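1. This is a predicted model, with the sequence first.
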Amino acid sequence: MDHFPTNWGRPRNDAVDVYGTHPIHSRPNNHPKDAFADGVQRTQQPIVTGTSVLAIKYKDGIMMAADNLASYGSLARFKDIQRLHPVGQYTVIGAGGDMSDFQYIQRILEELSVDEIAAQDGHELGPVEIHEYMSQVMYARRSKINPLWNSLIIGGFKDGKRFLSYVDLLGTTYSASTLATGYGSYIALPLLRKAVEGYEDALTEEQARKIIQESMRVLFYRDARSLNKYQIATITAAGVWVSDSLHLETSWDFAEDIRGYGAQTQ
């Protein structure tokens with residue numbers, strides 16, 4: 001229920017309109033008459049969105065994965081979208097939610113990187129600095145963007161330390177050895193926790209890749225907004241690497257006898 005009286009529209013009897021409300025389409029516009037300002041809008045209703053991003057710690061660094069699908073509402077519209085974005089030499093960000101906002105985030109991070117290089121003060125942006133910066137940027141924009149649709153995972157490796165953290169527009173920031181956004185936080189995260197937590201310092205890159213691939217396969221089976229085309233990023237002491245698009249090997253043979261909400265043999 002909408003608890004704000006100003007959003008209720010005009011009452012049937014104007015005599016009891018104690019709040020001075022107006023329907024949304026006829027409210028008085030007291031904003032400055034600025035043609036440029038009228039053209040600047042914020043994402044209130046996301047149009048093109050991406051779903052799960054997965055990330056885990058392993059012995060030598062951080063591994064992240066995201067599929068290449070961006071959905072236009074319920075339509076699987078764009079199938080070659082990269083949702084893993086390298087930032088500098090030490091960091092990768094993965095985005096779930098509105099893709100236009102992610103493009104804006106990419107742009108401001110590129111500007112930040114250029115300013116940092118131009119300063120020539122001997123300092124380099126690492127994952128901790130990127131995370132702190134994005135937590136402030138996204139929290140400051142919380143009233144301008146639908147908070148249910150935007151979340152970032154920031155992974156990095158610098159000075160021999162692994163960094164993995166989450167930030168969204170509700171001001172939520174936390175770190176863990178396994179993270180996921182979107183539907184993956186319900187379906188894939190329990191699988192990641194079972195396979196990774198307690199073994200972060202023992203998992204090899206090959207083992208971490210198998211865990212990620214299996215989780216992406218489960219998401220493809222279960223999440224209607226996912227795709228079997230995806231990318232993996234690793235951040236290690238050697239630097240940042242983002243793969244080309246990969247394809248999951250899947251099989252739907254198990255679904256032949258499924259009817260409705262459960263397997264039926266009759």
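-> Perfect, thanks for sending it.
2. Tell me, please, where in the stretch 101-250 of the chain the pLDDT is lower than the cut-off.
-> Scanning the stretch 101-250 of the chain with the threshold set as pLDDT under 70 gives 141-149.
3. give me the number of residues near residue 70?
-> Residue 70 has 23 neighbouring residues, counting by other Cβ atoms under 10 Å. Any C-beta I mention is one placed from the backbone N, CA and C, and that applies to glycine too.
4. Just the buried positions in stretch 113-126, please.
-> In terms of neighbour count (16 or more other Cβ atoms under 10 Å), stretch 113-126 has its buried residues at 113, 125, 126.
5. Would you reformat these as JSON lines and include secondary structure and distance to residue 72?
-> Converted to JSON lines, the buried residues of stretch 113-126 look like this (DSSP: H, G, I helix; E, B strand; the rest coil; distance: Cβ to Cβ, whole Å):
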{"residue": "113", "secondary structure": "helix", "distance to residue 72": "30"}
{"residue": "125", "secondary structure": "coil", "distance to residue 72": "34"}
{"residue": "126", "secondary structure": "coil", "distance to residue 72": "36"}
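6. What is the nearest of these to residue 221?
-> Using Cβ to Cβ, residue 126 is the member of the buried residues of stretch 113-126 that sits closest to residue 221, with 36.7 Å.
7. do you know how far the most centrally placed residue in the chain is from residue 125?
-> For the chain, the residue nearest the mean C-alpha position is residue 96 (2.1 Å; Cα atoms, centre = their mean). To residue 125, residue 96 is 22 Å away according to Cβ to Cβ, to the nearest Å.
8. cool, residue 203 as well?
-> From residue 203 to residue 125 the distance is 27 Å (Cβ to Cβ).
9. do residue 117 as well
-> 9 Å.
10. cool, residue 87 as well?
-> 7 Å.
11. where do the contact lists of these two overlap?
-> Shared contacts of residue 87 and residue 125 (Cβ atoms under 8 Å, 6 or more residues apart in numbering): residue 113.
12. State the three-state secondary structure for residue 199.
-> What DSSP: H, G, I helix; E, B strand; the rest coil gives for residue 199 is coil.
13. Residue 96 too?
-> Applying three-state DSSP: residue 96 is strand.
14. Leaving out sequence neighbours, find the closest residue to it.
-> In space, and not counting its chain neighbours, residue 96 is closest to residue 181: 3.4 Å by Cβ to Cβ, 6 or more residues apart in numbering.
15. Wait, the one you found touches residue 52, no?
-> Yes: counting by Cβ atoms under 8 Å, residue 181 does reach residue 52; the two are 5.9 Å apart.
16. where's residue 108 relative to residue 115, distance?
-> On the measure of Cβ to Cβ, residue 108 and residue 115 end up 10 Å apart.
17. One more: residue 159?
-> 22 Å.
18. Over to residue 153?
-> Taken as Cβ to Cβ, the span from residue 153 to residue 115 is 24 Å.
19. Going along the chain, name the helices of this structure.
-> For the chain, the helices defined by DSSP state H occupy 35-39, 99-119, 127-140, 184-196, 205-222.
20. Distance to residue 74 added to the ones you listed, as a markdown table?
-> Below are the helices of the chain laid out as a markdown table (distance: least, Cβ to Cβ, whole Å):
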| stretch | distance to residue 74 |
| --- | --- |
| helix 35-39 | 29 |
| helix 99-119 | 16 |
| helix 127-140 | 26 |
| helix 184-196 | 19 |
| helix 205-222 | 16 |
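21. So for residue 165, which of those sits nearest?
-> helix 127-140 (4.9 Å).
22. Pull the residues that contact the closest one.
-> 87-88, 90-91, 93, 105, 108-109, 112, 150, 152, 154-158, 163, 165, 167-169, 171, 173, 235.
23. Alright, calling it a day.
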